[in-house]
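Q: give the three-dimensional model of this entry:
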Amino acid sequence: MNLPKGLKAVRFSFADQHGVLRGKTLAASEAGAAMERGVTVTSTLLLKDTSHKTVFPAFTPGGGVGMPEMQGAADILMIPDESTFRVLPWAPDTGWFLCDLQFPGGRPVPYDTRAVLKNASKKLAAAGYELVAGLEVEFHVFRIRDPRLQPGDAGQPGNPPEVELLTTGYQLLTEHKYDQIDAVVQLLRDGLAALQLPLRSFEIEFGPSQLEFTLAPQPGIAAADAMVLLRSAVKQIARRHGYHATFMCRPKLPNVMSSGWHLHQSLQKNGVNAFMSEKEDLSETGKQYLAGLLAHARAAAAFAAPTINGYKRYRPYSLAPDRVIWGKENRGALLRVVGGPRDPNTRIENRLGEPAANPYLYLASQIHCGLDGIERRLQLPRSADTPYEAKADFLPRTLEEALQHLKSDKTLREAFGAGFVDYYCRIKEAEVARFNLEVSDWEHREYFDLF
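A: Numbers count the residues shown, from 1 in each chain. Alright, predicted model coming up:
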């Protein structure tokens, strides 16, 4: 492809195991050659936890993961997907590509999470279906008071910025509160529109300084790409204008609310919504898919809520789920059925996810869970009209518990591959281990004076 004239730099990026974009920026004059042969990056980028610490012993045989291609922090290649090219509206002399990963010999890198979703989508296509996903994403935007850039603030991780609210109070869909932050929303809206993301709505969410953006339904890989780009763009645009945007589920700030990522999903078959029924709320295919989501929900939580913080959101009577149930138009349920007879927009809303989730792994888990329900013709249990009193399994209370469910789930272990599940769990367990070694504010307040 021919790049637009006037570009000075081109960013080549891939989504790492956490869904965070990493990569290199090349001079525009080098971009053509890079598009032909790929861009090298160190393979240790795939071995790090959220503090950027390398979890696996990369300088031992097999790079700590049993792959000679990754031994000694060897290079892997970013292969740009030309269909993803954008000119960044906040850096108009800069182009951007989203990339897939392969080894120099041409073999796909098995830890490339975008490839994981592509493989899941192929499996779904072999059964005659395509996933369609709509994104409903909550996040916070704060004004930066102190960026905390003194040498003492550096670390692994470093200290986050000190911030202040853009709005106070609890404000769900309050127009005058929206008007107070409209200037910020406009910055984000214009930037995202210039990236050709299918924007649908921009809403004031429940808590102070909290927003919700929604995107129109797209095929699975396009929806996941859009989520990665949305998060990265929002953070970069906000920061350039003195704001801090965060997709952390529950920031430790007074009176701030949790943020969720509600994933709307349906299957299409021959261009028709396979969840739509002539007489019922869901077709038989939809019921079986929903039953599969329920059957594997606790294991899939490890992909939908991959941070320690994400499990602070599952509270009763909080518009967040706390147990494995479904309901018709019920926002307290884990899985909410939206639509009805002859409604072409019939879909299932999964309210499990946190906005920090890797979208490729989250969507892939939904495909594998739902497809298992279809293949085994699972029976759907009764809906729960009182979700916080229902007799049902509770969702995992911690990331550690979710990882144990994932390890023991034969369906997901086979679908993702035992090697990938073990790799993913080890990275996440390293985060849990670091967390368990830290002395929290709660512990100090609870015991320092008492004992």
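Q: so who does the spatially most central residue of the chain touch?
A: Nearest residue to the geometric centre of the chain (C-alpha atoms, centre = their mean): Ala357, 2.7 Å. The neighbourhood of Ala357, defined by C-beta atoms under 8 Å, 6 or more residues apart in numbering, consists of 19, 261, 303-306, 310. C-beta: built from backbone N, CA, C; applies to glycine.
Q: the residues you listed in helices, which ones?
A: Counting by DSSP state H, the contacts of Ala357 place 303-304 in helices.
Q: just checking, Arg86 touches Leu192?
A: No - in this structure Arg86 lies outside contact range of Leu192 using C-beta atoms under 8 Å: 11.0 Å.
Q: looking at these two, which one has more neighbours?
A: For Arg86 versus Leu192, the count of surrounding residues by other C-beta atoms under 10 Å is larger for Leu192: 22 against 17.
Q: contact partners for that one?
A: Contact partners of Leu192, counting by C-beta under 8 Å, 6+ apart, are 199, 213, 230, 233-234.
Q: domain-wise, how is this structure divided?
A: The chain resolves into domains spanning 9-109, 120-443 when parsed by automatic domain parsing.
Q: could I get these as TSV with distance to Phe451?
A: Below are the domains of the chain laid out as TSV (distance: least, C-beta to C-beta, whole Å):
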stretch	distance to Phe451
domain 9-109	31
domain 120-443	11
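Q: can I get those domains in TSV with mean pLDDT and distance to Asn2?
A: Output for those, formatted as TSV (pLDDT from 0 to 100; distance: least, C-beta to C-beta, whole Å):
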stretch	mean pLDDT	distance to Asn2
domain 9-109	96	9
domain 120-443	95	18
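Q: before we move on, back to that, with distance to Asp441 added, can I get the contacts of Leu192 in JSON lines?
A: Putting these into JSON lines (distance: C-beta to C-beta, whole Å) gives the following:
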{"residue": "Leu199", "distance to Asp441": "38"}
{"residue": "Phe213", "distance to Asp441": "31"}
{"residue": "Leu230", "distance to Asp441": "32"}
{"residue": "Ala233", "distance to Asp441": "33"}
{"residue": "Val234", "distance to Asp441": "29"}
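Q: make a PyMOL selection of the buried ones in the residues you listed.
A: Burial among the contacts of Leu192 is assessed by 16 or more other C-beta atoms under 10 Å; the matching PyMOL selection reads:
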select buried, resi 199+213+230+233+234
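Q: not counting sequence-adjacent ones, nearest residue to Arg114?
A: Excluding the flanking residues, the one nearest Arg114 by C-beta to C-beta, 6 or more residues apart in numbering is Tyr360, at 5.2 Å.
Q: return the residues in contact with the one you found.
A: By C-beta under 8 Å, 6+ apart, the contact list for Tyr360 reads 15, 19, 113-114, 116-117, 224.
Q: and which of those is nearest His405?
A: Val116 (18.7 Å; C-beta to C-beta).
Q: distance from the chain centre to the helix or strand hosting that closest one, please.
A: Under the criterion of DSSP states H and E, Val116 resides in helix 113-126. Remark: helix 113-126 is offset 16 Å from the chain centroid, using C-alpha atoms, centre = their mean, to the nearest Å.
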